[in-house]
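# 3D model of this:
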Amino acid sequence: MRGEDTLFGRRVLTAGERLLYVPDAIVHHPVDRARLRKRYFQDFYFQYGRMEVRMCPVPPTAVRWFGIPRYLLRPLLVDAMRWVTACTTRRRFFYRLECALMLGKIAEAWSPLLLAENTEAAHEPGGRDGGHPAQGSLRTLISLLGL
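Alright, predicted model coming up:
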């Protein structure tokens, strides 16, 4: 999960405590070599997208297509087209990260639906074990995009 610092800060503020910003503070973080690879950044963006939906959940009134909030589909399609048509390696990677971010948002927006549907199915006689029918499609899309 990403966004632990943000979640912690929000909990502190909700509890009525104060946070202090110290611009002169210097923090040294050792950086593992694995964090210097493109794959790390793709995973980071995907998890960050999930965290954004946790912080600002999808409105219950949002129009959904195949369980996906419609307002998340357009940016994904636009970024995917920009990724495919980008002329430079740098721009391609940038839009690939943007796609990972949107797919993370979509995956997290889907998870409450999956949980609700699986809970209902478990209480039905002869309920399904397979989960949301579109869940496999999301996994397929993510693997096709190489994320």
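
# show the contacting residues for the spatially closest residue to residue 51 that is not a sequence neighbour.
Spatial nearest neighbour of residue 51, chain neighbours left out: residue 3 (3.5 Å); criterion: Cβ to Cβ, 6 or more residues apart in numbering. Yep, even glycine has a C-beta here, placed from its N, CA and C like the rest. The contact partners of residue 3, by Cβ atoms under 8 Å, 6 or more residues apart in numbering, come to 48, 51-52, 54-55.

# buried subset of those?
48, 51-52, 54 (16 or more other Cβ atoms under 10 Å).

# would you mind giving these as a markdown table with secondary structure added?
Putting the buried ones among the contacts of residue 3 into a markdown table (DSSP: H, G, I helix; E, B strand; the rest coil) gives the following:
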| residue | secondary structure |
| --- | --- |
| 48 | helix |
| 51 | helix |
| 52 | helix |
| 54 | helix |
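
# from those, which is closest to residue 91?
Nearest to residue 91 among the buried ones among the contacts of residue 3, counting by Cβ to Cβ, is residue 48 at 19.9 Å.

# close enough to count as contact, that closest one and residue 104?
Yes - with contact defined as Cβ atoms under 8 Å, residue 48 reaches residue 104; the gap is 6.4 Å.
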